[in-house]
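Peer 1: Take a look and give me a structure for this.
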Amino acid sequence: MTLNFKNGSFKILQIADVQEGARVSADTIELINAALSRENPDLAVFSGDQIWGRHSFKGSAEKAERVLREITAPVTQRNIPFAVCFGNHDRQVGLSNERQFEIYKKFSGFVGENTSGADGCANQVIEIADGGRVKYLLYLLDSHSSLKTGGYDSVHKNQIEWYKKTRDEYEKANGGVLPSVVIQHIPVQEVTELLKEVKKGEKGAVQGFRRHAGKWFILDESKINKGGFMRESPADPEENSGEFNAMAEKGDVRGIYFGHDHNNSFHGKVRGIDLGYTQGAGFHVYGPGLDRGVRIIELKTDGTLNTYDLRYRDIVGKKVKEKLRYAVISIMPTNVYDAFHRAIKAAGILAAAAIAAAVIILICR
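Peer 2: The predicted structure is shown next:
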């Protein structure tokens with residue numbers, strides 16, 4: 001697939017973690033519409049977890065198609081090309097990613113392809129050309145789902161080999177590596193190099209879990225963009241498959257962008273590659289309040305890029321249509337570890353209250 005620069009620029013709109021059930025949020029759609037109207041991107045990429053909820057869909061292809069049409073309508077109605085990645089929740093509706101990919105192929109403007117010989121679904125490379133000459137590459141990768149042993153999977157070895165083979169073929173054809181950018185759902189482990197480990201109780205610290213259990217982190221402000229935020233610990237892969245190292249070998253990859261952890265939006269350089277979280281866009285799932293948003297990745301013909309997020313509060317406003325549901329979701333835990341520690345804290349508070357009440361009763365007797 002080949003798309004084209006316009007006046008030396010190519011804008012990608014990354015939409016992460018819409019994560020809708022059988023009924024699509026009007027606030028989610030308003031956010032996407034506002035971002036499209038403001039930026040008029042050349043390509044939209046839905047980067048995984050577009051839908052979820054086995055009980056909502058029960059494996060129904062008809063329901064999935066209806067919801068996916070609603071989610072993508074702001075893009076298709078503007079005749080903007082779009083592609084997708086798959087996340088860890090999409091397949092939980094009872095339809096395989098491959099079947100969902102066939103649904104996307106029915107939609108106007110869908111430019112997704114499914115490369116054979118690489119694990120997963122919707123692995124592809126998109127050429128971005130200027131004057132008939134390819135100047136940039138966009139890789140979309142399937143980062144898979146949860147592991148049976150717990151934690152999250154990573155991009156597999158044969159996907160990495162496919163990327164390296166593709167990179168080298170373009171290098172040979174063009175007399176040098178082509179600048180590239182990567183979008184996937186689950187982050188690479190190296191994103192933690194943008195964090196600082198701190199003591200529990202430090203302002204803004206988030207508690208790690210799984211392989212980061214027992215640790216607390218804040219963003220290293222000397223490495224990340226101004227205004228970036230982290231409100232939950234990275235849920236990165238349990239094992240490092242070597243994806244980042246492969247992409248750092250020849251200096252072609254300028255940025256790797258992901259979603260997955262809805263409450264995070266920041267980016268910064270790690271060994272020459274810009275690593276960036278895009279916060280969740282969906283209002284029917286947990287997220288960073290009115291800082292829900294999307295990401296613009298603007299590529300330049302000189303091989304550079306610029307990226308920034310767009311937040312609901314800034315491009316839509318401070319009011320939502322579904323006020324009650326928004327209020328309920330705002331107090332939901334972000335993961336099972338968060339839920340567990342909230343329960344422990346609540347139990348402690350109740351126990352303390354019970355002891356205090358017993359003491360008062362004894363005193364009053």
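
Peer 1: Who is the closest residue to Thr307 other than its chain neighbours paired with across the strands?
Peer 2: In space, and not counting its chain neighbours, Thr307 is closest to Ile297: 4.8 Å by C-beta to C-beta, 6 or more residues apart in numbering. Where C-beta positions appear, they are placed from N, C-alpha and C, glycine not excepted. Here Ile297 sits in beta bridges with Ile12, Thr307, going by DSSP bridges.

Peer 1: ditto for Met230
Peer 2: Here Met230 sits in beta bridges with Asn264, as judged by DSSP bridges.

Peer 1: Quick one: residues contacting it.
Peer 2: Applying C-beta atoms under 8 Å, 6 or more residues apart in numbering to Met230 gives the contacts Leu195, Val206, Phe217, Ile218, Leu219, Asn263, Asn264, Phe266, Tyr277.

Peer 1: What is the neighbour count of the residue nearest to Thr307?
Peer 2: 26 (other C-beta atoms under 10 Å).

Peer 1: For Ala173, see how far away it is.
Peer 2: 24 Å (C-beta to C-beta, to the nearest Å).

Peer 1: The closest residue to Lys105 other than its chain neighbours in helix, strand or coil?
Peer 2: The spatially closest residue to Lys105, leaving aside those adjacent along the chain, is Gly112, at 7.2 Å (C-beta to C-beta, 6+ apart). With DSSP: H, G, I helix; E, B strand; the rest coil as the basis, Gly112 sits in coil.

Peer 1: just checking, Gly112 touches Val125?
Peer 2: No. In this structure, Gly112 is not within contact of Val125 by C-beta atoms under 8 Å, at 11.8 Å.

Peer 1: okay, and the common contacts of the two?
Peer 2: By C-beta under 8 Å, 6+ apart, Gly112 and Val125 have these common neighbours: Leu140.

Peer 1: For the stretch 201-350 of the chain, which residues score under the pLDDT cut-off?
Peer 2: 334-350 (pLDDT under 70).

Peer 1: What ranges does it have for its strands?
Peer 2: Using DSSP state E, counting those that start in this stretch, the strands of the stretch 201-350 of the chain run over residues 206-207, 216-219, 229-230, 253-258, 264-270, 273-277, 293-300, 305-311.

Peer 1: Ile32 looks like it's in a helix, true?
Peer 2: Yes. Assessed with three-state DSSP, Ile32 lies in a helix.

Peer 1: which residues touch stretch 97-116?
Peer 2: Stretch 97-116 is contacted from outside by 1, 3, 43, 51, 61, 64-65, 68-69, 72, 75-76, 79-84, 86, 90-91, 120-126, 140, 142, 162, using C-beta under 8 Å, 6+ apart.

Peer 1: switch to 7 Å and redo it
Peer 2: With C-beta atoms under 7 Å, 6 or more residues apart in numbering as the test, stretch 97-116 has contacts from 1, 61, 64-65, 68-69, 72, 75-76, 79-84, 86, 90-91, 121-124, 162.

Peer 1: among those, which are in helices?
Peer 2: Ala61, Ala64, Glu65, Leu68, Arg69, Thr72, Val75, Thr76, Trp162 (DSSP state H).

Peer 1: returning to what we had before: count of neighbours near the residue nearest to Lys105?
Peer 2: Around Gly112 there are 21 other residues, counting by other C-beta under 10 Å.

Peer 1: Repeat that for Lys172.
Peer 2: Neighbours of Lys172 using other C-beta under 10 Å come to 10.

Peer 1: Packing partners of the helix or strand hosting it?
Peer 2: Assigned by DSSP states H and E, Lys172 belongs to helix 157-174. The helices and strands touching helix 157-174, judged by 3 or more C-beta pairs under 7 Å, 6 or more residues apart in numbering; DSSP states H and E, are strand 133-140, helix 243-248.

Peer 1: next helix or strand past that helix?
Peer 2: Following helix 157-174 in sequence, per DSSP H and E, is strand 180-183.

Peer 1: Identify the residues contacting stretch 15-23?
Peer 2: Against stretch 15-23 from outside (C-beta under 7 Å, 6+ apart): 28, 32, 44, 46-53, 56-57, 63, 67, 71, 89, 259, 262, 278-282, 284-285, 294.

Peer 1: buried residues in it?
Peer 2: Neighbour-count burial for stretch 15-23 flags Ile15, Ala16, Asp17, Val18, Gln19, Glu20, Gly21, Ala22 (criterion: 16 or more other C-beta atoms under 10 Å).
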